[in-house]
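Novice: prediction below, plus the sequence it came from.
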Amino acid sequence: MAVRYEVLPFEPAHATLHMRITERAYAPIPAHARPTHDETFHHRMHDASNPAGPSIVAIASEGGREVAMLSAVPFRFRTRAGLMLNAYQPTALVVDPAVGARGIGHGVFRTIVEAVAARDRSLVYAYPNQRSAGLCRKIGFIPVQTVPTQLFPRFRFSARGDGTHRGPGGRRWAFRRVRDPLELRAAIPEDSPAETTGFIRDRANFEWRFGGPAAARYTLVLCEAENPRDSFAIACIEHHMKGLPFTVLVDGYPASFVRHFATAVQAAAAAAGRVGPRVVFASTNLPSLEIGAREPFPRPIVVPTRFHPRPIDLVSYPTPANPDAGELRAAVAMTGDWLGF
């Protein structure tokens, strides 16, 4: 029986279809172990609330029944030359187990990659897991870099008597949890467009990614500096592996927050809201933090790739508009970029 592939702009019905195939594919895994498999959350991540536009969807059908599905989520990428690209990341591949290992997953993946690569000013990239890395190579993706994962070991965190926290260089910061990204508008000025290159981490992106139905999943922290132009926000989430709880530093905005990354780690540790030491987890290509001996937390541990349960490998697919590998490597990468948290 012939398999039919079609490429469509995302519509609300696609979230329902994706969940229907997902329930068949992941039936043995309890729902609490796969929190992103939620129809409302899926809809939010793929609809037109994304400032880069709605996702593109590829669907494979056999005998009039949908058996596989994959989305390409768009992001905005500004090159050093000032050209704005549409950067598509294929994600959320799901295949009905009834069709078995017949290459339908490969077919739907190739279909969407070729479709978005043919678009004007497109950049196609992926962060494949170990199961899909070989598929990316077969289709033609090229390795760009492995994004290191850093663990900031357990440390006790306390505020100063006036409620502020001392960051690197002796700066004072106030950390305040907020419920919704919209609360941040009055406190955080936007980056100047001329200062932003690489993947765009602006207010619109943060509000889409961590607002709406997603807001309940994350802890959002406003990091207020004495100079308001240095203030920024981060998104964190609690996670655990093999019984070890830790706080994941997912992302931040505006893009200039990377200049205060050590303070972002402090804020992530404080965001846990529990008594006792915390471990902070972050996957980022930012240089190792230069933290002096008098700073209130130890140096990070970079997790060797061979011990990492899910190495964060960035790959790109050749398109006419692709920046060179050096420019892609120079673009800031954060934990949230591979859409695992």
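Specialist: Perfect, I can see it now.
Novice: my read is that Phe41 contacts Pro213, right?
Specialist: Yes: Phe41 lies in contact with Pro213 (Cβ atoms under 8 Å); the separation is 5.5 Å. (C-beta placed from N, C-alpha, C; glycine too.)
Novice: so the two - more neighbours on which side?
Specialist: A count of neighbours by other Cβ atoms under 10 Å puts Phe41 above the other of Phe41 and Pro213, at 17 against 14.
Novice: show me what contacts Tyr127?
Specialist: Gln89, Val147, Ile312, Asp313, Leu314, Val315, Asp337, Trp338, Leu339, Gly340 (Cβ atoms under 8 Å, 6 or more residues apart in numbering).
Novice: among the residues you listed, which one is most surrounded by other residues?
Specialist: Most neighbours among the contacts of Tyr127, by other Cβ under 10 Å: Asp337, with 24 neighbours.
Novice: wait, that one sits on Gly198?
Specialist: No: with contacts defined as Cβ under 8 Å, Asp337 does not count as touching Gly198, sitting 10.3 Å away.
Novice: give me the element Met45 is part of.
Specialist: helix 39-46 (DSSP states H and E).
Novice: and the nearest residue in space to Gly252 that is not next to it in sequence, what are its bridge partners?
Specialist: Spatial nearest neighbour of Gly252, chain neighbours left out: Ile234 (4.3 Å); criterion: Cβ to Cβ, 6 or more residues apart in numbering. Beta-bridge pairing for Ile234 (DSSP bridges): Val221, Gly252.
Novice: need the contact list for Ile234.
Specialist: Each residue near Ile234 by Cβ under 8 Å, 6+ apart is listed here: Leu220, Val221, Cys223, Leu249, Val250, Asp251, Gly252, Phe257, Ala264, Ala267, Ala268, Ala271.
Novice: want to throw those residues into TSV with neighbour count and distance to Ala101?
Specialist: Formatted as TSV, the contacts of Ile234 follow (neighbours: other Cβ atoms under 10 Å; distance: Cβ to Cβ, whole Å):
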residue	neighbour count	distance to Ala101
Leu220	23	42
Val221	24	44
Cys223	25	48
Leu249	29	37
Val250	25	33
Asp251	25	35
Gly252	27	40
Phe257	23	43
Ala264	28	43
Ala267	29	45
Ala268	28	40
Ala271	24	42
